[in-house]
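Participant: only geometry, no sequence info:
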């Protein structure tokens, strides 16, 4: 009897590993071009995991890796410039994020803190996160957990690209991920 009570108590603290549903995930960025328009891009190849033992994900640990050569803005010459001269994708094939905390602020809103590595440089970063909820996928019958993650960084903090006067690309880069996770 005591053993089954302990097992039931421990079940409430089970740690779950969630994997990215790549068919329902996007990792995008936006940069200001010559101060007048925003250019959007996407990393087509990325992966992420989320590990948590709480239903509200307040103890979640998140890791993400994107393949820098999968970047596209759908303009081939610009993509080549970004891959070769900004991100130097042959030398730095990935960008990485590893969380240090996910703190609930109000309702389904969180602050995600961690370290991001771009172009061989690692810096702290804070993202805003909205937990969009949980739903059952009608095809797989598995539950998916949806999140929208947004943040900003200064590309020059990571030694990416030259001054805007030389290349037309603003300093500030907006990052956004819409992701769904499923229990592995």
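Facilitator: On my side now, so go ahead. None of these values were measured; they are calculated from a predicted model.
Participant: Any buried residues in stretch 148-167, and which?
Facilitator: For stretch 148-167, a neighbour-count test (16 or more other CB atoms under 10 Å) marks 149, 151, 153, 155, 158, 160-161, 164 as buried. Just so you know, the C-beta spots here come from the backbone N, C-alpha and C atoms, and that holds for glycine as well.
Participant: Against residue 18, how distant is residue 60?
Facilitator: Distance of residue 60 to residue 18, computed by CB to CB, to the nearest Å: 9 Å.
Participant: now swap in residue 41 and tell me
Facilitator: Residue 41 is 26 Å from residue 18, by CB to CB.
Participant: Name the residue in the two with the higher neighbour count.
Facilitator: Comparing residue 41 with residue 18 by neighbour count (other CB atoms under 10 Å), the higher total belongs to residue 18, at 22 against 19.
Participant: is it true that the more buried one lies in a strand?
Facilitator: Yes - read with DSSP: H, G, I helix; E, B strand; the rest coil, residue 18 is one of the residues of a strand.
Participant: From what I see, it and residue 49 are in contact.
Facilitator: Yes - counting by CB atoms under 8 Å, residue 18 does reach residue 49; the two are 6.7 Å apart.
Participant: what sits against the residue lying closest to residue 50 once chain neighbours are set aside?
Facilitator: Excluding its sequence neighbours, the residue lying closest to residue 50 (CB to CB, 6 or more residues apart in numbering) is residue 18, at 4.2 Å. Contact analysis of residue 18 by CB atoms under 8 Å, 6 or more residues apart in numbering lists 49-52, 145, 181-184.
Participant: What about the residues you listed, which are in strands?
Facilitator: Among the contacts of residue 18, the ones falling in strands (DSSP state E) are 49-52, 145, 181-183.
Participant: Spell out for me the PyMOL command that would select the buried members of the residues you listed.
Facilitator: In PyMOL, a selection of the buried entries from those looks like this (16+ other CB under 10 Å):
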select buried, resi 50+51+52+145+181+182
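Participant: out of the contacts of residue 18, who's nearest residue 37?
Facilitator: Using CB to CB, residue 181 comes nearest to residue 37 of those, at 33.4 Å.
Participant: Which positions are bridged to the closest residue to the closest one other than its chain neighbours in the beta structure?
Facilitator: Nearest non-adjacent residue to residue 181, counting by CB to CB, 6+ apart: residue 18, 3.7 Å away. Counting by DSSP bridges, residue 18 is bridged to residue 50, residue 183.
Participant: For this structure, name the helix or strand with the lowest mean pLDDT.
Facilitator: Ranking every helix and strand in the chain by mean pLDDT, DSSP states H and E puts helix 2-11 at the bottom, with a mean of 41.
Participant: Now do the contacts for residue 161.
Facilitator: Contact analysis of residue 161 by CB under 8 Å, 6+ apart lists 85-86, 155, 167, 169.
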